[in-house]
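> My questions are about this predicted structure, shown below with the sequence.
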Amino acid sequence: MRLPILMPALSSQRYSCHGCGECCRDFTIELRAEDFERLQSQGWQQILGAPFWIDFGGKRWLRQREDGACIFLGDAGRCTVHEKFGLQAKPLACQLFPFSFAPGPRHASVGISFACTSVRRSAGAELSSHQAEVIRMQSALPEAMQRAHAPNLVRGVAATESEVLGVASVLDAWLANSEIEPATRLEGFVWMAQSLRIAHLAKVRGERLQELLQTLAQAAPQELLLLDAKPVSNAAWRMVRQAVFARVEDPKIARMLRTGRCATVFSQWRRSRAWSRGVGEAPGIAGWKPILFRDMNVVLPLFQGSESAAIDELFSRWLRATLLASRAWGAGLYGLPIQEGIALVALNAVVAAWLATAHAASHGRTSITLEDASAAIGRVDRSSGRAPWLGGRAERLRVIWLAHSGTLQRAAKALVYPR
């Protein structure tokens, strides 16, 4: 029996594919057995004169060109599989993007990735118009058809449905409250996530959890003014830049096979060290202009430019879509408990604000534009839920340190308020 789907209840979010081909130039696609057999039957090995896949780590992946683009991306920016055989002939991951599934006890939440340009622009049809197509794709994914346990509230403690809804609704209402200025709204979201991360939530259940959430939301505007305003330490900024590196690192299978495991690991270590130091030029981000760390010092905070309203709308819509589609915990985010997932999303928001500043600096701008914010969110959301290292122990320890030291909130404040 099919698990009912739940589309995000976010009227401000729209989407239609505009054929930009950016996803075909960016993502590494794992082939399911059915995908491989279907492409084999279409005769692509004969058409291309070479295998269309590559074996790595015991799995099959779509082959990519030297520039990282999919082997099936045509000269006009269109998928040649789609053009020749139709949408349903493509690998399922390609059909599904930018949608995803997070199964739960009663339904499968449908998420939408802001790695997609059209999603960030909110360009196209209402999300509900895609429901029939999403259901069709769900039927090809056994893991999206089956009921799953509710996410944990904390490790080892399952959340009730009302607790999950309570967390999402309170944080969503905070992000949607246009009466609160954008900088306070973003800093407040990070502060509430930080507060939840350090709280003993196993002892705060049911109505008490709801009361805690409501208290945090009501107290946030005044509490943020009273918090210690000491600057973020150099050690803390190094930690934030390490988090940035973890989200912009873009390993390509063909390159790893060509250079070898040892050389790949050493190269990643060197780039990580360079990001951590924050001196000179940052290691390259695919598709971005070079970033000089010192140039970031002259860029105004996130909501201080002429396009602040549009930037606020994008940031709020991105975070609200993440919460409402259950991409902030459980099956939607590495199986993380709500307490840890919310803090990871808050760190994503801090990283996106940092990257928006870096993108503006790389273009010689002194204020952040919507283009800068969009590029930053796109880079962060392309890795969220997909990069396995972000669900690992190292990232978990980083979030714990940033939350318990209060750095998560202070870094957000430094990025959104005048220095």
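Cool, got the structure.
> what secondary structure does the residue lying closest to residue 385 once chain neighbours are set aside sit in?
In this structure, residue 385 finds its nearest non-sequential neighbour in residue 333, 5.5 Å apart by C-beta to C-beta, 6 or more residues apart in numbering. Where C-beta positions appear, they are placed from N, C-alpha and C, glycine not excepted. Put simply, residue 333 is coil when judged by DSSP: H, G, I helix; E, B strand; the rest coil.
> mind checking how far residue 333 is from residue 212?
22 Å (C-beta to C-beta, to the nearest Å).
> out of those two, which sits in the busier spot?
residue 333 (26 against 18; other C-beta atoms under 10 Å).
> my guess is that one meets residue 327, correct?
Yes. Contact status for residue 333 versus residue 327: in contact at 5.9 Å, counting by C-beta atoms under 8 Å.
> list residues touching both of these two?
384-385 (C-beta atoms under 8 Å, 6 or more residues apart in numbering).
> which ones are touching residue 311?
Residue 311 neighbours (C-beta under 8 Å, 6+ apart): 182, 302-303, 305, 356, 368-370, 373.
> farthest-separated two in those?
Based on C-beta to C-beta, the longest span within those runs between 182 and 369 and measures 14.9 Å.
> What backbone torsions are found at the residue lying closest to residue 11 once chain neighbours are set aside?
Leaving out its chain neighbours, the residue that sits closest to residue 11 by C-beta to C-beta, 6+ apart is residue 126, at 7.7 Å. As for residue 126, its main-chain torsions (degrees, to the nearest 10) stand at phi -60, psi 150.
> Distance-wise, check residue 126 relative to residue 14.
From residue 126 to residue 14 the distance is 6 Å (C-beta to C-beta).
> Compare neighbour counts for those two and give me the winner.
residue 14 (16 against 13).
> Just to check, the more buried one is in contact with residue 124?
Yes. Here residue 14 reaches residue 124: they are 5.0 Å apart, a contact under C-beta under 8 Å.
> Give me the residues contacting the host helix or strand of residue 257.
Per DSSP states H and E, residue 257 falls inside helix 253-259. With C-beta under 8 Å, 6+ apart as the test, helix 253-259 has contacts from 28, 54, 56, 61, 63-64, 66, 264, 267.
> again with stretch 28-41
By C-beta under 8 Å, 6+ apart, stretch 28-41 touches 52-53, 59-62, 64, 70, 81, 89, 91-94, 140, 252-253.
> ok, now stretch 294-310?
181-183, 186, 311-312, 315, 353, 356-358, 360-362, 364-370, 373, 415-419.
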